[in-house]
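Student: model the following, please.
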Amino acid sequence: MTVDAMTKEAKKAKKQKKNGKHLSDEDLAAADLHVGDLKAKTKKISTKAYEKELARLQVELVKMQEWIKHEKLRVVVIFEGRDAAGKGGVIKRITESLNPRLCRVVALATPSERDKTSWYFQRYVPHLPAAGEMVLFDRSWYNRAGVERVMGFCSDIEYQEFLRSCPEFERMLVRSGIILVKYWFSVSDEEQERRFQKRMNDRTRSWKLSPMDVESRSRWVDYSRAKDTMFAHTDIKQAPWYVVKADNKKLARLNCITHLLSMVEYGDLTPTPPQLPPRPKADDYVRPPMEDQNFVPDYW
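Tutor: As a prediction, this is how the structure comes out:
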């Protein structure tokens with residue numbers, strides 16, 4: 001079924017539902033779908049078009065980084081969402097053309113015993129950016145509202161305190177001048193399952209499937225409830241959540257990067273390429289014998 005046909009079915013079902021008519025299970029499902037969701041689930045993009053647009057966006061990211069450096073801005077971008085939702089892929093496409101000294105990725109491991117006894121936000125504060133830097137959090141302090149809550153790694157008192165203090169913590173960051181952008185990657189359970197199965201059969205990706213990821217498969221509804229509660233408390237005006245529809249990885253990457261670029265008003269500070277001077281002749285230089293050096297064998 002085409003997008004237009006699916007859209008018509010959804011609109012028809014919504015009209016019938018509004019008029020109180022009896023609907024089948026399929027009609028009820030269609031009535032609960034939004035037109036934008038249908039398009040996001042079915043829209044495709046060719047690899048050629050994707051790569052061309054990604055290359056253009058990466059040039060813009062370099063311009064944005066130069067502006068952040070020049071204006072001494074501080075930018076924090078948070079990436080949260082379901083397991084296998086594609087957060088890592090977006091982060092890779094953002095950073096692969098940027099200066100790693102100015103754009104850092106923070107992906108903290110399991111908290112140590114010391115971390116567990118310190119102020120909850122304490123382990124994240126040292127990773128916040130200085131002037132001219134952008135920091136990307138591949139998961140963040142929102143672990144407490146997600147995996148820690150669902151898996152029982154924190155007490156109810158700790159969880160409730162997080163919901164109270166997190167908005168104030170983020171308002172404090174924004175007041176200090178930090179540009180804070182928060183992304184939630186949304187993926188359907190069918191697509192997540194497909195990606196899990198792909199990881200299981202790919203040795204280069206098997207490390208991505210942790211026991212925690214496997215456990216999350218049976219707790220889909222619990223994670224959904226935790227996410228809804230998190231949004232209700234932390235979707236604040238100073239730092240709102242932006243949801244990325246991530247069933248289509250290519251479109252999710254393009255949409256997220258385009259949106260991130262819109263969050264920083266930047267100008268074009270692309271420097272003029274320098275003129276390379278001619279290489280001087282080294283008449284008095286004698287290269288050491290090749291036999292005295294250890295070379296990697298020509299395997300190919």
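Student: drop to CA atoms for contacts and neighbour counts, all remaining ones
Tutor: OK.
Student: give the contact list for residue 181.
Tutor: Neighbour list for residue 181: 75, 76, 77, 78, 239, 240, 241, 260, 263 [criterion: C-alpha atoms under 8 Å, 6 or more residues apart in numbering].
Student: by residue count, tell me the biggest helix in this structure.
Tutor: Taking DSSP state H as the criterion, the chain has its longest helix at helix 47-71.
Student: what about the helices in the stretch 201-300 of the chain?
Tutor: Under the criterion DSSP state H, counting those that start in this stretch, the stretch 201-300 of the chain contains helices at 211-216, 220-234, 249-262.
Student: among the contacts of residue 181, which one is most surrounded by other residues?
Tutor: residue 75 (25 neighbours; other C-alpha atoms under 10 Å).
Student: pretty sure it sits against residue 137.
Tutor: No. In this structure, residue 75 is not within contact of residue 137 by C-alpha atoms under 8 Å, at 10.8 Å.
Student: pLDDT weak spots in the stretch 201-300 of the chain?
Tutor: 207-209 (pLDDT under 70).
Student: apply 90 and report the result again.
Tutor: Scanning the stretch 201-300 of the chain for pLDDT under 90 picks out 201-220, 270-274, 276, 278-288, 290.
Student: one more: the stretch 51-200 of the chain?
Tutor: Within the stretch 51-200 of the chain, the ranges that satisfy pLDDT under 90 run 82-84, 189-200.
Student: can you rerun that using 70?
Tutor: Using pLDDT under 70, the stretch 51-200 of the chain has no residue that qualifies.
Student: that one: helices as residue ranges?
Tutor: With DSSP H, counting those that start in this stretch as the criterion, the stretch 51-200 of the chain has helices at 87-95, 113-117, 147-151, 156-175, 189-200.
Student: for those helices, give me a markdown table that also has mean neighbour count.
Tutor: Converted to a markdown table, the helices of the stretch 51-200 of the chain look like this (neighbours: other C-alpha atoms under 10 Å):
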| stretch | mean neighbour count |
| --- | --- |
| helix 87-95 | 17 |
| helix 113-117 | 10 |
| helix 147-151 | 18 |
| helix 156-175 | 15 |
| helix 189-200 | 15 |
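Student: all set now, cheers.
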